[in-house]
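A.B. asks: here you go, sequence then predicted model.
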Amino acid sequence: MARMVKCVKLSRELPGIKWKPWEDELGQRIYDNVSQEAWKMWLEHSKMLINEYRLDLMSPKAQQILREQCEQYFFGEGSALPPDYVAPKAK
């Protein structure tokens, strides 16, 4: 049976993610409070951030930016869209 959490992003009881994304306090908060569904939403959002900001994930600075955005996405005001971001047009 899946581990259930009260998801901070979707405000309902859902299956939690299966692992801690980081071995620190933020990773534990995400593990305890974020559902698998919300984590998938974050992964899609993070792809957009990586592409729009052209982040090199090997760079400690880029990793820090993503961690800060992740924390905002789940526990803050939400992750901000890049200033020049234009959403793809629907087909």
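C.D. replies: Structure's in. What do you need? Not measured: the values here are computed from a predicted model. Numbering: from 1, shown residues only.

A.B. asks: ok, which stretches of the protein are helices?
C.D. replies: Applying DSSP state H to the chain gives helices spanning 25-33, 36-53, 60-75.

A.B. asks: tilt between the longest one and helix 25-33?
C.D. replies: With axes from the mean of the first three to the mean of the last three CA atoms, to 10 degrees applied, the angle from helix 36-53 to helix 25-33 works out at 140 degrees.

A.B. asks: got the helices of the chain as a markdown table, with distance to residue 14, mean neighbour count and mean pLDDT columns?
C.D. replies: C-beta here means a position set from N, CA and C on the backbone, and glycine is covered the same way. What follows is these, written out as a markdown table (distance: least, CB to CB, whole Å; neighbours: other CB atoms under 10 Å; pLDDT from 0 to 100):
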| stretch | distance to residue 14 | mean neighbour count | mean pLDDT |
| --- | --- | --- | --- |
| helix 25-33 | 11 | 16 | 97 |
| helix 36-53 | 6 | 15 | 94 |
| helix 60-75 | 13 | 16 | 94 |
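
A.B. asks: possible to save those helices as CSV with distance to residue 3?
C.D. replies: Below are the helices of the chain laid out as CSV (distance: least, CB to CB, whole Å):
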stretch, distance to residue 3
helix 25-33, 9
helix 36-53, 10
helix 60-75, 17
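
A.B. asks: closest one to residue 2 among those helices?
C.D. replies: Nearest to residue 2 among the helices of the chain is helix 36-53; the distance by CB to CB comes to 7.9 Å.
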